[in-house]
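> Give me the fold of what follows.
(2 chains)
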Amino acid sequence: MFAQFFGAFLLNNKLVSPETLAQAIDDKKNTRMRLGVLAINAGLMTAEQVEHVNVAQQSVDKRFGDLCVDLGYLTADDVDRLLSEQPTDYLLLGQTLVNNGSLSNAEFEAAISAYKAQYQLSDDDISNNQNDKLSAIVKDFYHFNTAENARIYTEYVTLLFKNLIRFIGDDFTPIESSLAKEAEGQYIVCQKLHGKYTAELAIASPRDEYLAFAERFAKEHFTEVDEYVNEVVGEFLNVNNGLFVVNESNQLGIELSLDPQSYYRDTSVGFTQKAFCIPVAFGFGEVEFFISII
Amino acid sequence: MDFKDIKILLCDDSMFARKKLGMFLSSLGIVNISEAADGEEAVVKYKENRPDLVFMDIVMPKLTGIEALKAIKEYDSTAKVVMASSVGTQSHLKQAIVLGAYDFVQKPIDDAQVEKIIRNAMK
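Numbering: from 1, shown residues only, chains lettered A, B, ... in the order given. Sure thing, here's the model as predicted:
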């Protein structure tokens, strides 16, 4: 999830355009990490030093790592360690943007440093996918700390993003939220959970995005939105909400019940209290998620 | 008992959930599969078909899975009903165990777990 929020960070700071980011997200699966970006990320080299080695490499027939050692920027152990580490997803995204010229090494260095500072992230947090750090990013990104029921919003959205990665795909970027009295959309699925508190939850999107979302979850091909496609999207919402209910029960002893989902077309559905509208930009388009806790 | 001889009833209001589990059961060679889209229909289909094993969702219209489990166990105390739900909370588990559920599967359903449950039920 750190990669998705790194993408959002780049977008919000206007370091890349939405189109460039979408292309890089698509391309990153074919990207191989380079030592320079790994060394910058680890704070072992500056972008300037990486550029120096790049220039030096043009006149010497040596590998990048060996040159770094010769020039005293890295030790042989540093090189071995950096190359043996499994690259994290956000680094692959950064490397892709450096490779296609969207970011220079210096811009990457500044961006990664600002991103880590903003969310107080260490490399260990990222490589271990620390849950408390993921929740902290979600809380900060959506400004949930100012909302009543901040904990519930944060836990719910953190779980939602994990399930999007698990069931739909990791090729998405979270977009800034807004407050909405109602969900509007060509297709809307709603589900309510109630108990100690009530949550009104919904997914809304235009037709093509709705179909694409359903295709990803069902791993089937669809051409028209019918009852079955509605139920596929509804099942995603149900599975996500069910897992949330289980977490609330297991971790806090809060017992909640789920209502069956309801489906709407070409209309708007009002919430009892204003909902957070959370748009998520996938490779196939944008889908909106609504959460209102009462 | 062999996979081709076992009778299974799938109860879920989601056509997608029924299809997905049904496809997995078919891939095991299970051919005798019936379906119900709500709790009420689940009880009717149970009485009609007397399946060897039932997979029952909890959140369903008309009768919930828990209510349907109760009705089925009242009709046939030997019924093997597996609760297959997205809401595997402690209270649901307790309710299901008290009412005599055979097992519990958390959605998204893990195929390997389902296969293990069926094999155990066939013993």
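> Flag every buried residue along the helix or strand of chain B with the lowest mean pLDDT.
Every helix and strand of chain B was ranked by mean pLDDT, DSSP states H and E. The lowest is helix B:90-98, at a mean of 82. The neighbour-count check on helix B:90-98 (16 or more other C-beta atoms under 10 Å in any protein chain shown) flags B:His92, B:Leu93, B:Gln95, B:Ala96 as buried. The C-beta positions use only the backbone N, C-alpha and C, and glycine is treated the same way.
> same thing with stretch A:96-109?
Under 16+ other C-beta under 10 Å, the buried positions of stretch A:96-109 are A:Thr96, A:Leu97, A:Val98, A:Asn99, A:Ser102, A:Leu103, A:Asn105, A:Glu107, A:Phe108, A:Glu109.
> Distance from the chain centre to that stretch, please.
20 Å (C-alpha atoms, centre = their mean, to the nearest Å).
> and the residue of chain A found nearest chain B, what helix or strand is that in?
Using C-beta to the nearest C-beta, the single residue of chain A nearest to chain B is A:Gly242, 2.3 Å away. Secondary structure assignment for A:Gly242, by DSSP states H and E: helix A:227-252.
> is the helix or strand following that helix up against chain B anywhere?
Going down the chain from helix A:227-252, the next helix or strand is strand A:256-258, by DSSP H and E. Yes - judged by C-beta under 8 Å from any C-beta of the partner chain, strand A:256-258 and chain B are in contact via A:Leu256, A:Ser257, A:Leu258.
> Now A:Ala214. Nearest residue, chain neighbours left out?
Distances taken as C-beta to C-beta, 6 or more residues apart in numbering or on different chains place A:Val232 nearest to A:Ala214, at 4.2 Å, with adjacent residues excluded.
> OK, contacts around the one you found?
A:Ala214, A:Phe217, A:Ala218, A:Glu220, B:Phe16 (C-beta atoms under 8 Å, 6 or more residues apart in numbering or on different chains).
> which one of these sits closest to A:Ile25?
Distance to A:Ile25, by C-beta to C-beta, is smallest for A:Phe217 among the contacts of A:Val232, at 18.9 Å.
> buried residues in the helix or strand where that closest one lies?
Here A:Phe217 sits within helix A:207-218, counting by DSSP H and E. Within helix A:207-218, the residues that qualify as buried by neighbour count (16+ other C-beta under 10 Å) are A:Glu209, A:Tyr210, A:Leu211, A:Ala212, A:Phe213, A:Ala214, A:Glu215, A:Arg216, A:Phe217, A:Ala218.
> mind putting those residues in TSV, pLDDT included?
Compiled in TSV, the buried residues of helix A:207-218 are given as follows (pLDDT from 0 to 100):
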residue	pLDDT
A:Glu209	97
A:Tyr210	97
A:Leu211	97
A:Ala212	97
A:Phe213	97
A:Ala214	97
A:Glu215	97
A:Arg216	96
A:Phe217	95
A:Ala218	94
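> and those residues as a markdown table, adding distance to A:Met33?
Below are the buried residues of helix A:207-218 laid out as a markdown table (distance: C-beta to C-beta, whole Å):
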| residue | distance to A:Met33 |
| --- | --- |
| A:Glu209 | 32 |
| A:Tyr210 | 36 |
| A:Leu211 | 35 |
| A:Ala212 | 29 |
| A:Phe213 | 30 |
| A:Ala214 | 34 |
| A:Glu215 | 31 |
| A:Arg216 | 27 |
| A:Phe217 | 30 |
| A:Ala218 | 33 |
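> farthest pair in those residues?
The span of those, defined through C-beta to C-beta, is set by A:Glu209 and A:Ala218 at 14.9 Å.
> show me where chain B has strands.
Remark: strands assigned in chain B by DSSP state E are B:7-11, B:32-36, B:53-56, B:81-85, B:103-106.
> Can you check which of the ones you listed gets nearest to A:Arg81?
Nearest to A:Arg81, of all the strands of chain B, is strand B:103-106, at 39.2 Å by C-beta to C-beta.
> Alpha carbons only: can I get stretch A:24-40 in PDB?
This file holds the C-alpha atoms of stretch A:24-40, laid out as PDB (Å, rounded to 0.1, in the frame of the first residue of the first chain):
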ATOM      1  CA  ALA A  24       4.300   3.900 -14.800                       C
ATOM      2  CA  ILE A  25       2.000   1.800 -12.600                       C
ATOM      3  CA  ASP A  26       1.300  -0.300 -15.700                       C
ATOM      4  CA  ASP A  27       5.000  -0.600 -16.600                       C
ATOM      5  CA  LYS A  28       6.500  -1.200 -13.200                       C
ATOM      6  CA  LYS A  29       5.900  -5.000 -13.400                       C
ATOM      7  CA  ASN A  30       8.600  -5.100 -16.100                       C
ATOM      8  CA  THR A  31      11.000  -2.800 -14.300                       C
ATOM      9  CA  ARG A  32      14.300  -4.100 -12.900                       C
ATOM     10  CA  MET A  33      15.700  -2.200  -9.900                       C
ATOM     11  CA  ARG A  34      19.000  -0.400 -10.400                       C
ATOM     12  CA  LEU A  35      21.600   0.000  -7.800                       C
ATOM     13  CA  GLY A  36      21.600   3.800  -7.900                       C
ATOM     14  CA  VAL A  37      17.900   4.100  -6.900                       C
ATOM     15  CA  LEU A  38      18.400   1.500  -4.200                       C
ATOM     16  CA  ALA A  39      21.400   3.400  -2.800                       C
ATOM     17  CA  ILE A  40      19.500   6.700  -2.900                       C
END
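> Point out where the chain drops to low pLDDT.
Went with chain A since none was named. A:127-129 (pLDDT under 70).
> not what I meant, chain B
Regions of chain B meeting the criterion pLDDT under 70 cover residues B:1.
> could the strands of chain B be laid out in a markdown table, adding distance to chain A and mean neighbour count?
A markdown table is the format used below for these (distance: least, C-beta to the nearest C-beta, whole Å; neighbours: other C-beta atoms under 10 Å in any protein chain shown):
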| stretch | distance to chain A | mean neighbour count |
| --- | --- | --- |
| strand B:7-11 | 14 | 24 |
| strand B:32-36 | 13 | 18 |
| strand B:53-56 | 14 | 28 |
| strand B:81-85 | 7 | 27 |
| strand B:103-106 | 7 | 18 |
